[in-house]
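*Asks:* how would this look folded up:
(chains A and B, ligands or ions: 2)
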Amino acid sequence: MRDVEARRERAAAARRARRLRPAGSDDLGLRRGFAGKLLPFLVAAMAFLASLALAGAIAAAGFSRQWQQGPAAALTIQVPNPSAKATDAPQSRLDRVVALLRGSPGIAQVRALSHAEIQKLLQPWLGSGATDGLALPAVVAVRERDGGPALGVVTAELQAAAPGTLVDSHGDWTRRIATLAHSIQALAWAMLALVMGVATAVVTIATRAGLVQRRDAVLLVHGLGATDGDIARRFAARATRLAFLGGFGGTVAALPVLGILAALAAPIVGGIADPAAWMPSLPRGLWVGLVAIPVICAGIGFATAQVTVRAWLRPLP
Amino acid sequence: MNTAVVRLDGVALEVGAQRVLRDISLGIPRGGFRWLLGPSGAGKTSLLRLLHLEVRPSEGRMELLGRDIGAAPRAALPQLRRRIGMVFQDFRLLPHLSAFDNVALPLRLAGRPEGQVQADVGEMLAWVGLRARTHCHPAELSGGEQQRVAIARAVINRPDLLLADEPTGNLDDAQAQRLMLLLGELSRLGTTIVVATHNDLIVARHPAPALRLATGRLVSADA
Ligand SMILES: Nc1ncnc2c1ncn2[C@@H]1O[C@H](COP(=O)(O)OP(=O)(O)OP(=O)(O)O)[C@@H](O)[C@H]1O
Ligand SMILES: [Mg+2]
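*Replies:* Ligands and ions are numbered 1, 2, ... in the order given. Here you go, the predicted structure:
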């Protein structure tokens, strides 16, 4: 019992001692010596690139999701002149087409798109409002049953019932877009990894330069009985700070660029740019990533400086 | 002698391809005082570097403060170094720190409370006659003043082993006398002391056992 108390007392004394050290004491002179000017700028450049790469990865993922799951991904069937009478039944052409599709065994789901949905689908190509005066065909979205019979037979029946009906298979198109989106995504992740590698190299070089510049001080402090951990901690504290500042600066600098890109992309990816918004809304995942970037930079600074300093000290007795 | 603070047995030291110390065997008990004598280039600084754990012996067995250095893991050495004070021949003060902060280094490394650091360092600087120079940087100090800062830094932590390389080289006679008084006092309190010097006058005035080196060999060791 007394033992525990004594230990607690000693720990408290050690904490007090640390707190009582003069604020920002800098025995090794790192504040002057440690590439203090350059490192944050280099890390900022890396963070800037990382932000863009991250945005690219997330945008590509969203884009490919939209194309694979949205109405655009389904098989679409255009029925021109939808309210005219069908040739083989007392129904409108649209109703007849929907009925025929529903009766077909290869088809899982049939849905006629609303006027608004059609406009949204056409918006990237025609612009909003441009469709007002046009006689639009009806569009029926169809999801095929996996492994069901081919559509060929129905296509012929549709043609007979409502001449001019167009079956538009996006399969090939969607697949290409998905491939493109995946490539962009892979590229963006590779770029992110590369940028992190370069950031690690930059911190390593800055730390080595700091060690060389402060060689005498480091050797002296080592001779006075500083452990590798003591010395590494001082370098790492400095590197962490500088890398965090750089990471923060670079990410903040990327925000306007990302905002402009988001505004440009909004109509294509189907979001609606709100001109009154402070900046176009970025995907939530991107925000999380952007907040993480300075933290990751700080982590890279800390870990890299620790490893570099310890490796440099290891040959000393 | 089981209580030896320093015990060397057939120790040799190679620096690069050069053998700067060979076949050194000696023992110094707790509280012992030794002059370390010999012509320039004899290996005095090299022997002190060895005792300060800046280098490990290339050959032989070395025991310091009861620890077999050959068998000690690297992680055990910092703790030992904190118990060894060293006055370097070239002072090695940190140029970006004031006299005060230079002297405070060993205490701060040991995690002493800042209040104690302030008190001890102030007292020590006063003792070496540098109270007025407390906040000066090494570049603003004379050679003798720098040497006294180096001495203050070496003894501030009450080391168990004190090594001094030409500690009177830049001191005037009165200051050298004062230093010898301090060393005598520390020795009485149990600090083991080794002082390398060329200064025959001061050796004559303070007779004590001597280790004599010549071209890397121990030619005589008074018991
Ligand atoms: N880093 C080194 N590399 C090569 N040789 C060295 C090195 N340090 C010392 N020596 C050699 O070791 C020998 C002993 O040097 P040391 O500095 O120990 O002499 P010393 O007795 O302290 O001399 P002084 O009285 O001039 O200070 C010298 O011949 C020196 O040239
Ligand atoms: Mg010497």
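*Asks:* going forward, measure contacts and count neighbours with C-alpha atoms only.
*Replies:* Fine.
*Asks:* And the contacts of stretch A:203-222?
*Replies:* Outside of stretch A:203-222, the residues within contact range by C-alpha atoms under 8 Å, 6 or more residues apart in numbering or on different chains are A:28-30, A:33-35, A:39, A:228, A:231, A:235, A:239, A:300-301, A:304-305, A:308-309, B:78, B:92, B:94.
*Asks:* Just the buried residues from the residues you listed, in ChimeraX please.
*Replies:* The command below creates a ChimeraX selection of those among those that count as buried (16 or more other C-alpha atoms under 10 Å in any protein chain shown):
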select /A:28,29,30,34,35,39,228,231,235,239,300,301,304,305,308,309 /B:78,92,94
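*Asks:* residues in contact with the residue nearest to B:Phe88 when sequence neighbours are not counted?
*Replies:* Taking C-alpha to C-alpha, 6 or more residues apart in numbering or on different chains as the measure, B:Phe88 lies nearest to B:Asp165, with 5.4 Å between them; neighbours along the chain are not counted. Contacts of B:Asp165 were listed using C-alpha under 8 Å, 6+ apart, and they are B:Lys44, B:Thr45, B:Leu48, B:Met86, B:Val87, B:Phe88, B:Gln89, B:Val195, B:Ala196, B:Thr197.
*Asks:* Show me these that map onto strands.
*Replies:* Using DSSP state E, the members of the contacts of B:Asp165 that fall in strands are B:Met86, B:Val87, B:Val195, B:Ala196.
*Asks:* so where's chain B shaky on pLDDT?
*Replies:* When the per-residue scores of chain B are filtered using pLDDT under 70, the ranges that remain are B:1-2, B:223.
*Asks:* Please enumerate the helices of it.
*Replies:* Assigned helices in chain B, in chain order: B:44-51, B:77-81, B:99-109, B:114-127, B:143-155, B:173-188, B:200-205 (criterion: DSSP state H).
*Asks:* In TSV, list the contacts of B:Asp165 along with distance to B:Arg19 and neighbour count.
*Replies:* Formatted as TSV, the contacts of B:Asp165 follow (distance: C-alpha to C-alpha, whole Å; neighbours: other C-alpha atoms under 10 Å in any protein chain shown):
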residue	distance to B:Arg19	neighbour count
B:Lys44	13	27
B:Thr45	14	20
B:Leu48	15	23
B:Met86	23	27
B:Val87	24	24
B:Phe88	22	20
B:Gln89	21	17
B:Val195	22	23
B:Ala196	20	24
B:Thr197	22	23
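*Asks:* what would those residues look like in JSON lines with distance to A:Lys120?
*Replies:* Output for the contacts of B:Asp165, formatted as JSON lines (distance: C-alpha to C-alpha, whole Å):
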{"residue": "B:Lys44", "distance to A:Lys120": "89"}
{"residue": "B:Thr45", "distance to A:Lys120": "86"}
{"residue": "B:Leu48", "distance to A:Lys120": "85"}
{"residue": "B:Met86", "distance to A:Lys120": "81"}
{"residue": "B:Val87", "distance to A:Lys120": "83"}
{"residue": "B:Phe88", "distance to A:Lys120": "81"}
{"residue": "B:Gln89", "distance to A:Lys120": "84"}
{"residue": "B:Val195", "distance to A:Lys120": "91"}
{"residue": "B:Ala196", "distance to A:Lys120": "91"}
{"residue": "B:Thr197", "distance to A:Lys120": "93"}
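*Asks:* Contact partners for A:Ala254?
*Replies:* A:Phe48, A:Ser51, A:Leu52.
*Asks:* So which bits of the strand or helix carrying the last one are buried?
*Replies:* Counting by DSSP states H and E, the element that carries A:Leu52 is helix A:38-69. When neighbours are counted by 16+ other C-alpha under 10 Å, the buried residues of helix A:38-69 are found to be A:39-61, A:63-64, A:66-68.
*Asks:* May I have the residues that are in contact with the residue nearest the centre of chain A?
*Replies:* To find the centre residue of chain A, average its C-alpha atoms and take the closest one (C-alpha atoms, centre = their mean): that gives A:Ile58, at 3.1 Å. Counting by C-alpha under 8 Å, 6+ apart, A:Ile58 makes contact with A:Gln185, A:Pro283, A:Gly285, A:Leu286.
*Asks:* I'd like the distance between the residue nearest to the spatial centre of chain B and ligand 1.
*Replies:* With distances taken as C-alpha atoms, centre = their mean, B:Leu163 lies nearest the centre of chain B, 1.7 Å away. B:Leu163 sits 13 Å away from ligand 1, taking C-alpha to the nearest ligand atom, to the nearest Å as the criterion.
*Asks:* Pretty sure that residue sits against B:Ile193.
*Replies:* Yes - counting by C-alpha atoms under 8 Å, B:Leu163 touches B:Ile193, with 5.9 Å between them.
*Asks:* residues near the residue of the stretch 51-200 of chain A found nearest chain B, how many?
*Replies:* Nearest to chain B in the stretch 51-200 of chain A, going by C-alpha to the nearest C-alpha, is A:Thr200, at a distance of 27.2 Å. Around A:Thr200 there are 19 other residues, counting by other C-alpha atoms under 10 Å in any protein chain shown.
*Asks:* so how far is A:Val43 from the residue nearest to the centre of chain B?
*Replies:* Taking C-alpha to C-alpha, to the nearest Å as the measure, B:Leu163 and A:Val43 are separated by 45 Å.
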